[in-house]
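[1] After the sequence you'll find the predicted model.
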Amino acid sequence: MLKFALAGNPNSGKTTLFNGLTGSTAHVGNWPGVTVDKREGVYKKCDEPIALVDLPGIYSLSPYTQEEVIARNYILDEKPDCVINIIDATNLERNLYLTTQIMEIDVPVVLALNMMDAVEKRGDNIDAKELENRLGLPVVKISALKGEGLDKLMSIAYAASKVKREGKTVLEETALKHLVKDLTIALSGQGVENPVFHAVKLAELDDLEVLMHKDAVKMVDAFKKSNLDDTFGGDFEALVADGRYKYITKYFSPTLKRKNKDKFIVTPSDKADKILTHKIWGFPIFLLILFAIFHLTFSENLLFLGALFPEGYVTLQGTAFEGVFGEGGINSPGVTLMNLVGLLTDTISGGISSLLENSAPWVSGLICDGILGGVFAVLGFLPQILVLFLFFSILEDSGYMARIAFILDRALRKFGLSGRAFLPMIMGFGCSVPAMINTRTLADEKEKLATIRVIPFFSCGAKLPILTAVAGTIITKGSLTAGYADVITYSMYLLGMLTAFVSVILMRKTTQKGEIPPFIMELPAYHAPQIRNLIALLWEKAKHFIEKAFTIILASTIIVWVVSHFSFTWTFLDEEQMSNSILAGLSGLIQPIFTPLGFGSQLADYGWVFALAAITGLIAKENVVATLGSLAVGLGFAGIDGLFLATGITIPALLSFIAFNMTTIPCFAAVSAAKGEMSDKKKFNWTLLFWIAVSFIVSSAIYFIGTWWWTCFIYLVVAAIVCVVINLIDKKTIKA
Ligand code: GDP
Ligand code: MG
């Protein structure tokens, strides 16, 4: 099968093109660095099927970042039949810098001028024919977003792949011309493949090349000695870069005709950024936007209009839809959807349990309580997960998330956190696994380790049901009218982020000290989110969640049901006797561990359910709610709420329970992703210990301060001592 590679700058639309050509739904994000590893798919509309590889975004082929190494090695070693160099045509000159490097490799190259829709909207024009002549490469105008020109691009690339092509350099007009030529001849004499590319890289004294071609380095050194031109202080790398840019400006730039020449145009994006990335207001605006999202997802008192409604106001009273749309206030879209799904699952459970009325008690018990109680408890939260995820995707696709990294970088850089590390952290709101893999883009090993450790604190989709379920009980217990679920979930998310930032700061000051790499990120232009893209993302998320519900979570709930309904002597127990079950016995053993967190031995009859839920959550975080849901039905309570209230748990302990699940060891999948990203076993073991320690510290603090407010002074004193000690150590090491 033919193999084509897609190469281009970050955010040039590679993944959008890849998805358009292969029909896949890989993650498209409006920020650089989303595609960390390469990804493969098949294009079928040419005479032969073509395997397409989406390479990570790169600015050059130097070996400075992991992405560059992956892309460079792929093109050099795997020898694709054609490289499609995709370019953001709204930034033509800067994007062509990479093209001048790819051109040097002996591989057919086709230039795809992407985002032509945006170029035309500006009223600019690019003379593709002329550019084609000057580059000596086929040039095709496309819009990956609108799906325009894609088949034409592929048929031209297909034709190009059938013709051999030799590398060509644009350095012919520089002082390095002769050196490059001599090196090329020497290398091809040695039978080196891609001699032009290697010659240029050698002239730059690129680290990898110097190791590979030791004898040729002598030629460079000799040239350096004899060469008197030291415009760049003899820095050949700078000389090469300068040569490329000069060539681009002289020969390629004239093919671009700008409508508003010489005028510095303030785009709407620039105007929006004046406010959204404002020095002082940027951060509060971010918090506000985040709150708005939580309000729309969780609030049962939309826009706080509850006061306008009469006492006891309920929508559609007396019908099956009673309260779905509002009760005491208006329900947010998230809550309304959840209520609708709840109606559906209740109807299904009701139907099935009436069918099983006459079967053996263990059969109806297993199916109704165990399976349906557990799986439906989780599925019931799917609407809210999707609504929240939809908002996050809109933020991401519009380009705002990239700004958040920028704002956070500005605020937290002095504490040792860099903006680059925030991108994987923000990704953690979706799922920790891809977020941890994304940390590969971090060049500094220590920063990477610190980032992986705190990613789970950015509460993922699977943890959301825990927050919502517990928030419900807090509202009941506190007799709070009409909701506040949005305020509770929002605060807990912020707490997770705060814990993450404090932990990274502490690590960067102690065990994970290191340089903070400069954060250079181009802010992508804002654009309206793509509906197709959003639907694809939501569909993926829903599919993944449902699949998990009917596999891992189903299996776990069945096991939990069995061990909670049989005693050590293997007799079937009904709901009154469940406290004698195997499960209750075992959970009771670990229950004391959680006493300092508020949900341990101090709880009455069913206190063991918390210990159990926390443990099953290690398999998948959805299990926490699935287990509780299944047990609640089994024990004859009206939902998780009823079970919680029966244990006599307090509000601080409920908050502590959320915090514990948010910060403790994440699910299996995330743990193995973390392990995979860590070079040595010792670091991984420390990481596990770190998660356990953080969860106990944070949750116990919440419980203690929430229960006995004056204990906050003790915590403050301890925190102050820790700060002083760290600062002292810091000063000592600087002196040493
Ligand atoms: P990658 O980083 O190169 O993989 O780029 P993505 O495919 O993730 O796209 C980056 C951003 O550019 C996304 O927000 C896309 O919606 C947007 N984009 C991609 N292609 C086009 C296009 O042809 N026109 C416009 N206006 N935007 C595009
Ligand atoms: Mg991509």
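    Perfect, I can see it now. Ligands and ions are numbered 1, 2, ... in the order given.

[2] ok, Ala157 - contacts?
    4, 82, 84, 108, 110, 138 (CB atoms under 8 Å, 6 or more residues apart in numbering). The C-beta positions use only the backbone N, C-alpha and C, and glycine is treated the same way.

[3] Relative to Glu515, which of those is nearest.
    Ile84 (35.9 Å; CB to CB).

[4] In terms of helices and strands, where is the closest one?
    Taking DSSP states H and E as the definition, one finds Ile84 inside strand 82-88.

[5] Parallel or antiparallel, list what pairs with that strand.
    In the sheet, strand 82-88 lines up against strand 2-8 (parallel), strand 109-114 (parallel) (DSSP bridges).

[6] out of these, which comes closest to ligand 1?
    Closest of the strands paired with strand 82-88 to ligand 1 is strand 109-114, at 5.0 Å (criterion: CB to the nearest ligand atom).

[7] hey, which of the strands paired with strand 82-88 is tucked in deepest?
    Highest mean neighbour count among these (mean count of other CB atoms under 10 Å): strand 109-114, with a mean of 26.

[8] Show me where the stretch 51-200 of the chain has its strands.
    For the stretch 51-200 of the chain, the strands defined by DSSP state E, counting those that start in this stretch cover 82-88, 109-114, 125-126, 139-141.

[9] Give me the average confidence score over the last one.
    Confidence over strand 139-141 (mean pLDDT, whole number) is 97.

[10] Low-confidence stretches in the stretch 301-450 of the chain?
    Along the stretch 301-450 of the chain, no part satisfies pLDDT under 70.

[11] Return the nearest residue of it with respect to ligand 1.
    Asp397 (5.5 Å).

[12] Tell me how many other residues crowd that residue.
    23 (other CB atoms under 10 Å).

[13] One more: Asp207?
    Using other CB under 10 Å, Asp207 is surrounded by 12 other residues.

[14] before we move on, what about the one 5 residues further on?
    A count of nearby residues for Met212, using other CB under 10 Å, gives 14.

[15] For the spatially closest residue to it that is not a sequence neighbour, list the residues it contacts.
    Take Met212 and drop its neighbours on the chain: the residue closest to it by CB to CB, 6 or more residues apart in numbering is His198, 7.7 Å away. His198 is in contact with 183, 187, 192, 209, 212-213, counting by CB under 8 Å, 6+ apart.

[16] Between which two of those is the distance greatest?
    So, these by CB to CB: farthest apart are Leu183 and Met212, at 12.7 Å.

[17] Could I get the strands paired with strand 82-88 in JSON lines, plus columns for distance to ligand 1 and mean pLDDT?
    Below are the strands paired with strand 82-88 laid out as JSON lines (distance: least, CB to the nearest ligand atom, whole Å; pLDDT from 0 to 100):
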{"stretch": "strand 2-8", "distance to ligand 1": "6", "mean pLDDT": "94"}
{"stretch": "strand 109-114", "distance to ligand 1": "5", "mean pLDDT": "97"}
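
[18] Figure out which of those strands is closest to Gly496.
    Taking CB to CB, strand 2-8 is the member of these nearest to Gly496, at 34.9 Å.

[19] Please identify which helix or strand holds the closest residue to ligand 2 within the stretch 351-500 of the chain.
    Nearest residue of the stretch 351-500 of the chain to ligand 2, counting by CB to the ion: Asn438, 11.4 Å away. According to DSSP H and E, Asn438 maps onto helix 432-438.

[20] Just the buried positions in the helix or strand just after that helix, please.
    Once the chain leaves helix 432-438, the next helix or strand it forms, by DSSP H and E, is helix 445-454. Buried residues in helix 445-454, defined by neighbour count with 16 or more other CB atoms under 10 Å: 446-454.

[21] Near ligand 1, list only the ones from those.
    By CB under 6 Å from any ligand atom, no member of these lies near ligand 1.

[22] Phi, psi for the residue of the stretch 451-600 of the chain found nearest ligand 1 please.
    Closest to ligand 1 within the stretch 451-600 of the chain is Gln530: 5.3 Å, counting by CB to the nearest ligand atom. Taking degrees, to the nearest 10, you get phi -80, psi 120 for the backbone angles of Gln530.

[23] What is the neighbour count of Val163?
    Applying other CB under 10 Å, we find 8 residues neighbouring Val163.

[24] residues in contact with the spatially closest residue to it that is not a sequence neighbour?
    Closest residue in space to Val163, ignoring its immediate chain neighbours: Pro108 at 6.4 Å, by CB to CB, 6+ apart. For Pro108, the contacting residues are 81-83, 157, 160-161, 163-165, by CB under 8 Å, 6+ apart.

[25] at 6 Å instead, please
    Counting by CB atoms under 6 Å, 6 or more residues apart in numbering, Pro108 touches 82, 160-161, 165.

[26] Tabulate those (CSV), appending distance to Gly374, pLDDT and neighbour count.
    Below are the contacts of Pro108 laid out as CSV (distance: CB to CB, whole Å; pLDDT from 0 to 100; neighbours: other CB atoms under 10 Å):
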residue, distance to Gly374, pLDDT, neighbour count
Cys82, 51, 96, 25
Ala160, 56, 96, 20
Ser161, 53, 95, 22
Arg165, 60, 94, 17
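
[27] hey, C-alpha coordinates of stretch 414-429 in CSV?
    Extracted C-alpha coordinates of stretch 414-429, given in CSV (Å, rounded to 0.1, in the frame of the first residue of the first chain):
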residue,chain,number,x,y,z
LYS,A,414,7.3,32.7,38.9
PHE,A,415,6.3,29.7,40.9
GLY,A,416,8.0,27.3,38.5
LEU,A,417,5.0,26.4,36.3
SER,A,418,5.1,26.9,32.5
GLY,A,419,2.2,27.4,30.1
ARG,A,420,3.2,24.4,28.1
ALA,A,421,2.4,22.1,31.0
PHE,A,422,-1.1,23.6,31.4
LEU,A,423,-2.2,22.2,28.0
PRO,A,424,-2.1,18.6,29.1
MET,A,425,-3.5,19.6,32.5
ILE,A,426,-6.6,21.2,30.8
MET,A,427,-6.9,18.1,28.7
GLY,A,428,-7.2,16.2,32.0
PHE,A,429,-10.7,17.6,32.3
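
[28] Using the neighbour-count criterion, name the buried positions in that stretch.
    In stretch 414-429, counting by 16+ other CB under 10 Å, buried: 416-429.

[29] Residue of the stretch 151-300 of the chain closest to ligand 2, please.
    For the stretch 151-300 of the chain, CB to the ion, closest residue to ligand 2: Leu153, 17.2 Å.

[30] That residue - nearest residue in space that isn't next to it in sequence?
    Ranked by CB to CB, 6+ apart and with sequence neighbours excluded, the top spatial neighbour of Leu153 is Val140, at 4.5 Å.

[31] quick one, helices of the stretch 251-400 of the chain?
    Taking DSSP state H, counting those that start in this stretch as the test, the helices found in the stretch 251-400 of the chain are 268-276, 282-298, 333-355, 361-364, 374-379, 382-398, 400-412.

[32] for the ones you listed, which one sits closest to Gly461?
    When these are compared by CB to CB, helix 382-398 sits nearest Gly461, at 4.8 Å.

[33] Point out the other helices and strands that the closest one packs with.
    Judged by 3 or more CB pairs under 6 Å, 6 or more residues apart in numbering; DSSP states H and E, helix 382-398 is in contact with helix 282-298, helix 333-355, helix 531-548.

[34] How about residues contacting that helix?
    The contact list for helix 382-398, computed with CB under 6 Å, 6+ apart, reads 29-30, 293, 297, 334, 337-338, 341, 401, 429, 461, 464, 526, 529, 534, 537-538, 541, 545.
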